[in-house]
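Asker: For reference, the sequence and a predicted model appear below.
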Amino acid sequence: MNARAVWVALPLLVAILTVPHRAASADPPPPGCDSGSWTAGTTDLCGGAVVYRDYVYDDYGANTGLLASSTSIGGSVTPTGDQRYPTGEEDTADLRQLRLAVQGGRLQVTFTLNALYDTGSTTGVVAIDTDANPNTGGGTWPSAHVSSSGWDVAGVFNAATPGVTVDTSANTISGSMPLPAGTSWRIQAVTAQADGTVMNVAFRGTSSESGPWFENRQAADLQAGDVSEFGFSVTVSDLTSGVTRLESVPPGLHERVYESSYAVGSGEGMTYQGVPATPNGPLLGPTYHFLGRYQPYAVYVPSTAGPHGLQLVLHGFGGSIDDLLSQAGFRQQFGDNLDRILVAPLGRGPVGWYVGASERDVMDAFDDAEASYPVDRSHEIISGYSMGGYGVYRIAELYPDRFAGFLDWVGYTDCLNGTPLVGVCPIFAGDNPLDYVANLRWVPGGMLYAGADEIVLVTTAAAVQQAFAATGYVYQWWLHPVAEHATLSLLDNWQKEAAYSTSFARVSDPPRVTYRYDPSEDAPQYGLVHDGAYWVSGVQAAQSGFADVDLTTQGCGGSLPVTAGNSGAGLDPVPWTSTGAAVTGTTPLPTARRLTGTLGNVAALTVDAAASCLGGGPLAYDITTTGSAVLHVSDGRTIQLVGAGAHTGTS
């Protein structure tokens with residue numbers, strides 16, 4: 001027998017005599033069973049099959065303490081495990097799903113990996129305790145440098161095992177093993193490199209893991225060489241009778257995984273070096289390290305029944321999905337106290353800057369969380385720290401109709417904002433969030449800066465405050481003179497901004513839409529086009545540069561807010577002063593089928609007749625333009641505005 005084709009088992013005849021078996025039910029599993037997005041670490045019974053769906057990008061093996069610097073990703077966040085793949089084989093033992101089913105008198109096993117390039121690179125091993133006695137059997141596993149207690153039979157699945165199929169296009173390793181004895185089993189499994197170095201352990205549960213890539217306990221157990229704590233117990237009759245039973249996931253901190261419609265670079269796995277975004281900016285520009293379609297985000301679910309508010313949480317430069325959600329104060333003050341689901345996207349890696357594929361990941365994680373949890377969409381906000389603060393400005397400005405408000409800690413804009421050299425070091429040339437502040441008319445925000453910040457200089461903080469003060473919008477800006485860049489995070493005290501954010505409520509179809517569009521911000525290769533908001537869409541720029549829309553409908557009546565400035569001071573968590581603006585009253589709008597405003601460098605746009613209440617009769621307009629423009633109304637009317645200047649009429 002081939003040494004790598006090891007089967008440690010009781011005789012097949014005994015298995016057949018002691019375990020009734022038949023093919024698992026052919027009925028399709030219900031929605032959410034073996035399909036769609038999932039909470040990492042869950043094990044379900046799906047039509048008689050055991051289906052374990054793992055964490056992704058958690059395949060860093062043991063924490064030996066020797067190679068931490070060499071396993072950092074993008075030169076920044078470092079996994080707890082520090083085993084390394086050969087060049088070109090990264091992520092090829094990253095277990096995504098393990099499926100086991102009783103079929104044809106054998107146990108059918110399929111390992112699905114996040115990436116698989118070479119048929120001989122990866123081994124999967126299954127070990128089963130057949131007598132529910134941890135004191136019998138056990139020991140070192142075949143073809144894997146690991147041990148556990150209690151197992152009685154094991155199967156090795158790799159290209160050298162007779163009957164095993166390795167499909168590098170489907171990223172699967174499939175085969176079967178003799179049907180184990182017993183009426184109940186405890187199943188364990190690992191995936192390893194070809195030399196037996198175990199990189200990933202199955203059946204780790206939904207709540208046991210922590211760390212930047214949710215692999216701290218795995219790394220510790222692999223270093224100890226014993227994975228006994230990780231396993232799944234099942235009654236064999238549940239498999240042979242086709243039972244479906246989904247695992248109940250408790251509240252708390254988890255990783256969730258969704259399938260993206262987009263891939264980056266090779267489209268599989270991850271790379272330590274990263275794939276630069278195109279175009280790439282001059283200052284530590286965007287780089288994507290996690291390339292495949294299956295992408296993780298961290299989620300914290302409060303224990304209340306819901307529906308909940310939702311808060312996006314964007315990590316800083318060099319960070320990961322657990323950065324802020326790992327902090328007890330953050331979870332308590334925003335999640336539990338304010339009854340919000342906290343969603344922290346990866347952004348395709350630690351330095352994605354939330355542009356292109358990184359932006360796509362944020363919006364996809366946002367959509368998946370909305371679809372997966374009971375969410376009150378009128379109370380969804382976006383927040384982030386440092387680079388994540390840059391992402392907050394950018395995404396809130398590009399999607400203002402999605403958010404009730406925002407919170408931004410030491411958010412980067414342009415490194416020389418507030419100085420004569422502004423524009424020298426944006427992420428992309430000309431990409432400065434302060435250029436798009438006007439888009440936040442209906443999205444109030446709280447911004448916190450540090451006077452001694454060595455990264456986001458106080459000149460940037462002052463420039464942010466001045467840009468918001470010039471709008472007359474609702475905002476609050478705090479400056480902490482003695483704090484530096486990491487102080488606010490380290491102190492884990494978010495009380496004043498949490499309290500401020502309780503008043504946020506999303507505005508739908510407001511009477512006035514102010515929106516700046518620049519096609520250079522789009523990434524159509526990732527399905528990202530930002531050409532409108534609220535009841536304005538399809539904005540086309542007449543020439544390169546900004547296209548500016550500022551239109552008010554009187555069709556729905558309503559009112560516009562009146563604001564006045566304010567200021568304050570306090571001590572939490574360190575001394576601060578603040579300035580801002582709040583609503584002090586309203587100016588009512590007469591109800592009339594009338595559209596007024598200005599268009600700058602706009603060639604065309606579309607107005608939603610229903611959302612703006614401008615359908616169903618003659619439409620009066622009074623619009624000033626910088627050139628000719630075509631205004632389409634969604635009910636089929638077209639208004640031609642010829643030449644620059646004021647245009648009035650009725651359509």
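Answerer: Sure thing, it's come through.
Asker: shaky segments in the stretch 301-450 of the chain?
Answerer: Applying pLDDT under 70 to the stretch 301-450 of the chain picks out residues 416, 418-419, 421-430.
Asker: Sketch out the helices for it, chain order is fine.
Answerer: In the stretch 301-450 of the chain, the helices defined using DSSP state H, counting those that start in this stretch lie at 328-330, 357-372, 387-398.
Asker: And for the stretch 151-300 of the chain?
Answerer: 216-224, 236-240.
Asker: what sits against H530?
Answerer: Applying C-beta atoms under 8 Å, 6 or more residues apart in numbering to H530 gives the contacts L398, Y399, Y517, E521, D522. Yep, even glycine has a C-beta here, placed from its N, CA and C like the rest.
Asker: now swap in G309 and tell me
Answerer: By C-beta under 8 Å, 6+ apart, the contact set of G309 is L338, D339, R340, I341, V375, D376, H379, E380, I381.
Asker: residue contacts, the third one?
Answerer: Spelled out, that is R340. R340 neighbours (C-beta under 8 Å, 6+ apart): P302, H308, G309, L310, Q311, F334, H379, I381.
Asker: Including distance to R256, could the residues you listed go into a markdown table?
Answerer: Shown next, in a markdown table, are the contacts of R340 (distance: C-beta to C-beta, whole Å):
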| residue | distance to R256 |
| --- | --- |
| P302 | 15 |
| H308 | 15 |
| G309 | 17 |
| L310 | 13 |
| Q311 | 15 |
| F334 | 18 |
| H379 | 20 |
| I381 | 19 |
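Asker: Could you tell me which of those belong to strands?
Answerer: Using DSSP state E, H308, G309, L310, Q311, H379, I381 are the members of the contacts of R340 that sit in strands.
Asker: Would you quantify the distance from the fifth one to S508?
Answerer: Distance from H379 to S508, counting by C-beta to C-beta, to the nearest Å: 13 Å.
Asker: got it, and G205?
Answerer: On the measure of C-beta to C-beta, G205 and S508 end up 40 Å apart.
Asker: Over to R340?
Answerer: Per C-beta to C-beta, R340 is found 20 Å from S508.
Asker: wait, what's in contact with the residue most central in space within the chain?
Answerer: The chain has P345 as the residue nearest its centroid, 2.4 Å off, counting by C-alpha atoms, centre = their mean. Contacts for P345 (C-beta under 8 Å, 6+ apart) come out as Q295, Y297, L312, L314, I321, D361, V362, A365, F366.
Asker: Run the chain-centre distance for stretch 626-643.
Answerer: 39 Å (C-alpha atoms, centre = their mean, to the nearest Å).
Asker: Tell me the most packed of the contacts of G309, by neighbour count.
Answerer: Tallying neighbours with other C-beta atoms under 10 Å puts I381 at the head of those, with 28 neighbours.
Asker: burial measure for the residue nearest to the residue nearest to the centre of the chain when sequence neighbours are not counted, as a count.
Answerer: In space, and not counting its chain neighbours, P345 is closest to A365: 4.0 Å by C-beta to C-beta, 6 or more residues apart in numbering. Using other C-beta under 10 Å, the number of residues around A365 comes to 27.
Asker: can you check D572 too?
Answerer: If we define neighbours as other C-beta under 10 Å, then D572 has 12 of them.
Asker: do you know how far it is from T502?
Answerer: Relative to T502, and taking C-beta to C-beta, D572 is found at 16 Å.
Asker: One more: W576?
Answerer: W576 is 19 Å from T502, by C-beta to C-beta.
Asker: Among these two, which residue is more densely surrounded?
Answerer: Counting neighbours by other C-beta under 10 Å for W576 and for T502 shows that W576 has the greater number, 22 against 12.
Asker: Okay, and the beta partners of the more buried one?
Answerer: Beta-bridge partners for W576, by DSSP bridges, are G570.
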